[in-house]
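Enquirer: Here you go, sequence then predicted model.
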Amino acid sequence: MAFTRLATIVSLALGAITVNAGLVRRVTCANGKTTTNAVCCPLFDAVDFLQTNLFDGSECGEEAHSALRLTFHDAIGFSIHGGKGGGADGSILAFNSTELQFHANGGIDDIIAGQFPVFQTLSQQIGISPGDFVHLAGAVGTANCPGAPRLEFMFGRPPPVAPAPDLTIPEPTDNVTSILARFADAGFSPEEAIALLSSHTIAAADVVDTTIPGTPFDSTVGTFDSQVFLEVLLKGTLFPGNGSQPGEVLSPIAGEMRLQSDFVLSQDPRTACFWQAMVNNQERMTTQFKAAMAKLQTLGQNTKNLVDCSDVVPVPASFAGPITFPASFSMADVQIACPQEAFPMLATVAGPAPTVAPVPGS
Ligand code: HEM
Ligand SMILES: *[C@@H]1O[C@H](CO)[C@@H](O)[C@H](O)[C@H]1NC(C)=O
Ligand SMILES: *[C@@H]1O[C@H](CO)[C@@H](O)[C@H](O)[C@H]1NC(C)=O
Ligand SMILES: *[C@@H]1O[C@H](CO)[C@@H](O)[C@H](O)[C@H]1NC(C)=O
């Protein structure tokens, strides 16, 4: 009873009306949007503000991609055994002068510079914390990419207390044993690690080879499809820029970059079947990615103290599929590393081998 009264008072204070629709309590905010908790109401305008001021009006472009990468680099410094970083706490934004010195954070400077003034404005307007900002921006940026799952957003992270320590973010030069060990230390299984790497379907590299900024990891960098899981398996024949760089291995397509870490994970017996199972399986990929991201986005947080504000996250456009072999490629080019499972039958796009264009604004 006391709780109901309190909830009513809070709702009135925020200009929100609470109604019971079946079992799920809904509130209607002053701006007409509905959500499950009145404290989420100010976030609808914050999302609009992000779309306009960070994502060039709901684009799945450079800033959206980088906002997703930032959620990983913010959160992964955590250890389930303690003694490392605060997890998904926004420390990468608040302590940027420390964390941007880490080698693994190469290329992160642009998105920090892009997010900081937007964060400051929203911090003044609605008191959003650095952690809530980083993980809301990641969810909204991802939602701008067709095919992506609608990521969760939990609200109420306290301010970060310290920067994460160095050498906690995997590097593309790392071997499978050390990558899986680092993920395990942060609480992720090998299957969850591969699920998180679905992110590389909307990803490009600026600093692996600095002569070719914005070089994508797959031929459909603006779509959250399973194309990256296919293309990493195709026989490599070329380097897209200035020869071989650390963390880079031969790519199958002009204008496309293949990370050494993605390739070794696709070939290793500990992860190859998880990798292959994602190919042309949009449902598996988006379901597993969403679940693993929900863990990542709240690493180190006591979720009992957070409010589920997922319904402020925009609903992504769908991706119809199926995926295809890029023109000139076929089953004969696939480096199968999970022979015990059937490889999906895929059509080949007509025409000559493509050249992938760089992501604009990189
Ligand atoms: C083994 C683990 C991982 C390694 C070694 C790795 C490595 C990299 C590297 C080297 C880049 C290119 C950076 C540049 O040159 O600008 C990159 C980009 C990216 N990564 Fe990862 N990554 C890993 C896991 C993840 C995870 C778990 C996520 C998110 C959940 C993620 C999201 C992204 C995104 C979205 C980009 C593209 C950023 C952009 O286009 O601006 N990565 N990653
Ligand atoms: C880094 O954070 C400080 C506040 O700690 C801020 O003044 C600065 O603008 C940030 N740097 C960038 C590149 O945004
Ligand atoms: C993997 O890398 C770590 C750290 O550099 C190294 O100690 C280890 O020997 C490597 N393992 C293999 C199998 O190469
Ligand atoms: C090209 O790569 C080589 C070897 O990694 C490096 O020494 C050289 O500086 C690079 N050139 C440019 C223009 O970045």
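Expert: Yep, it's here. Ligands and ions are numbered 1, 2, ... in the order given.
Enquirer: Please name the residues that touch residue 105.
Expert: By CB atoms under 8 Å, 6 or more residues apart in numbering, the contact set of residue 105 is 73, 92, 99, 169. Bear in mind the C-beta positions are built from the backbone N, C-alpha and C, glycine included.
Enquirer: residues touching the closest residue to the third one other than its chain neighbours, list them.
Expert: Put plainly, it is residue 99. Distances taken as CB to CB, 6 or more residues apart in numbering place residue 92 nearest to residue 99, at 4.8 Å, with adjacent residues excluded. Contact analysis of residue 92 by CB under 8 Å, 6+ apart lists 70, 73, 74, 99, 105, 108, 112, 134, 164.
Enquirer: Now for the contacts of residue 105, which sits with the most neighbours around it?
Expert: Highest neighbour count within these, by other CB atoms under 10 Å: residue 92, with 32 neighbours.
Enquirer: can you give me the helices for the stretch 151-300 of the chain?
Expert: Remark: helices assigned in the stretch 151-300 of the chain by DSSP state H, counting those that start in this stretch are 176-185, 190-196, 227-231, 260-267, 272-277, 282-296.
Enquirer: which of the ones you listed is buried the deepest?
Expert: helix 227-231 (a mean of 27; mean count of other CB atoms under 10 Å).
Enquirer: do it and ligand 1 meet?
Expert: No: Helix 227-231 is not in contact with ligand 1 by CB under 6 Å from any ligand atom; minimum separation 10.5 Å.
Enquirer: Point out the residues in the stretch 51-200 of the chain that sit beside ligand 3.
Expert: For the stretch 51-200 of the chain, the contact set with ligand 3 under CB under 6 Å from any ligand atom comprises 175, 177, 178.
Enquirer: Between those residues, which sits nearest ligand 2?
Expert: Proximity of these to ligand 2 (CB to the nearest ligand atom) peaks at residue 178, which lies at 29.5 Å.
Enquirer: The closest residue to the closest one other than its chain neighbours: what's it in contact with?
Expert: Once flanking residues are discounted, residue 178 sits nearest to residue 170: 7.6 Å by CB to CB, 6+ apart. Counting by CB under 8 Å, 6+ apart, residue 170 touches 76, 104, 178, 179, 182, 183, 261.
Enquirer: separation between the first one and residue 186?
Expert: The span separating residue 76 from residue 186 equals 6 Å under the rule CB to CB, to the nearest Å.
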